[in-house]
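Peer 1: please find the sequence and the predicted model below.
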Amino acid sequence: MSETRIGYARCSTDKQDLAAQTVALLDLHVAADRIYTDHGLTGTNRERPGLAQALAAVRAGDTLVVPKLDRLARSVPDARAIADELAGRGVKLALGASVYDPADPMGKMFFNILATFAEFEADLIRMRTKEGMAVARAKGKLKGKKPKLSDRRQTELRRMYDTGDYSISDLAEVFDVSRPTVYRVLQRTPSADAPTGTA
């Protein structure tokens, strides 16, 4: 029985391109129609349709080929779990041109080092993203969600509510917003009858 090589490629954001990984897989003798991909999904998310299809496509004696380990998984537990699953099914795992051999202590150690680096890099990316958002927020570039209603419409909603003629559902329909939005507006907007100061 001839070996079938199944390829898997992934990129984390919609702005990234899978072309380089696809070319690498073609160079590693994976047929174009045997390459499964995930676009805009991080390696820390195990629920990936392309990965699920690739894992379902391989049979005993086949090889799953990924350009680099970090395309397959971004956490040590996930990398090990996928590698163990493949080994248990009699499927080989190729990281680029190197085939991972779970029975080889050196190979196992190298695999664990690669997985640790992939996880470390994912943690760094998350940390940099958080820091970047904090800096942007401090500079006023990153603001919360824009309110669904303008200040004027929020005031009008409050006025209509205070008349007692409109229910929350009525107001949601009139202003074309959800009931929770109406409640939030009422919490933020004081009633016209509310005292404005203390005596």
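Peer 2: Sure thing, it's come through. In this text, all values refer to a predicted model and were calculated from it rather than measured experimentally. Residues are numbered from 1 along each chain as shown.
Peer 1: quick one: the strands in the chain, in order.
Peer 2: With DSSP state E, the ranges of strands along the chain come out as 5-11, 35-39, 63-66, 92-95, 98-100.
Peer 1: so for the third one, mean pLDDT?
Peer 2: In this model, strand 63-66 carries a mean pLDDT of 94.
Peer 1: before we move on, what about the shortest one?
Peer 2: Across strand 98-100, pLDDT averages out at 88.
Peer 1: got it, and the second one?
Peer 2: Strand 35-39 shows an average pLDDT of 92 in the prediction.
Peer 1: in it, what's buried?
Peer 2: Across strand 35-39, burial judged by 16 or more other Cβ atoms under 10 Å covers Ile35, Tyr36, Thr37, Asp38. Where you see a C-beta, it was placed from the backbone N, CA and C, and this is true even at glycine.
Peer 1: for the third one, what are its contacts?
Peer 2: Just to be clear, that refers to Thr37. Tyr8, Ala9, Arg10, Leu18, Thr22, Gly50 (Cβ atoms under 8 Å, 6 or more residues apart in numbering).
Peer 1: partner residues bridging it?
Peer 2: Ala9 (DSSP bridges).
Peer 1: any chance of the buried residues of strand 35-39 in TSV with distance to Glu119 as columns?
Peer 2: Formatted as TSV, the buried residues of strand 35-39 follow (distance: Cβ to Cβ, whole Å):
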residue	distance to Glu119
Ile35	25
Tyr36	23
Thr37	22
Asp38	18
